[in-house]
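Chemist: No sequence on hand, only this structure:
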């Protein structure tokens, strides 16, 4: 009899506790408590790096734990804007602006990913990385798809076939540099901008 009485009391306590917790959750939702807690989690995703500086269309500088690191985008190349002894190439400033605008509009934060087939750094000591926006957009591929960059076939990387396909589609549609410049084919299967094509009229 006593055990049965205790069991009923325990059930009553549990029911009361559930009611109290339900009321707290309901009241918290009305007051926006949980929305305020969730916001920092969404805006502070782990692995996101702030942009310190935009160099050109395929190179950025990010802040890593207080230290600036130069990031070279894996698998792409954009027309030159700052290369020593090289004139500003056709579509160079436009490609650089495309990279800057895309990343800036996403909050100037990026996620970086290395490639198992690629080296960690290039000969200029730049980190070689895929660059992702917080929403998952792969900037490297986006630039190729929109005609702002070439597929760069001279070193192996895992997304090579995918990038080549994106370049073929952009070329066929005359997007970006394909409709404004005359890229020169190379013996290795890629393209480059003729260094005699000085930048003109903003393209």
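Modeler: Sure thing, it's come through. Small disclaimer: the values here were computed from a predicted structure and weren't measured. Numbering: from 1, shown residues only.
Chemist: distance of residue 74 from residue 159?
Modeler: For residue 74, the distance to residue 159 equals 8 Å [Cβ to Cβ, to the nearest Å]. (Glycine included, C-beta is placed from N, CA and C.)
Chemist: got it, and residue 75?
Modeler: For residue 75 relative to residue 159 (Cβ to Cβ), the value is 6 Å.
Chemist: hang on, the earlier thing: and residue 74 and residue 159? Which one has more around it.
Modeler: Neighbour tally, residue 74 and residue 159, criterion other Cβ atoms under 10 Å: the higher count belongs to residue 74, 27 against 17.
Chemist: which residues in the chain form strands?
Modeler: Counting by DSSP state E, one finds strands in the chain at the ranges 48-56, 59-64, 67-73, 76-77, 109-113, 127-132, 150-151, 184-185, 191-192.
Chemist: These: which one's closest to residue 95?
Modeler: For those, the distance to residue 95 is smallest for strand 48-56, at 7.5 Å, taking Cβ to Cβ.
Chemist: For the residue nearest to residue 76 when sequence neighbours are not counted, list the residues it contacts.
Modeler: Leaving aside its chain neighbours, residue 76 sits nearest to residue 149 (4.2 Å; criterion: Cβ to Cβ, 6 or more residues apart in numbering). Contacts for residue 149 (Cβ atoms under 8 Å, 6 or more residues apart in numbering) come out as 57, 58, 73, 76, 77, 78, 95, 140, 143.
Chemist: between the residues you listed, which has the most around it?
Modeler: Neighbour max across these (other Cβ under 10 Å) = residue 95, 29 neighbours.
Chemist: quick one: contacts for the residue lying closest to that one once chain neighbours are set aside?
Modeler: With sequence-adjacent residues excluded and distances taken as Cβ to Cβ, 6+ apart, residue 95 is closest to residue 57, at 3.6 Å. Residue 57 makes contact with 78, 79, 81, 92, 95, 96, 98, 99, 143, 148, 149 under the criterion Cβ under 8 Å, 6+ apart.
Chemist: follow-up on the earlier one: so for residue 75 and residue 159, which residues contact both of them?
Modeler: Shared contacts of residue 75 and residue 159, counting by Cβ under 8 Å, 6+ apart, come down to 115, 130, 140.
Chemist: before we move on, back to that, with distance to residue 178 as new columns, can the contacts of residue 57 be given to me in TSV?
Modeler: Supplementary listing: the contacts of residue 57 in TSV, determined by distance: Cβ to Cβ, whole Å:
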residue	distance to residue 178
78	13
79	12
81	18
92	15
95	12
96	17
98	14
99	17
143	13
148	10
149	11
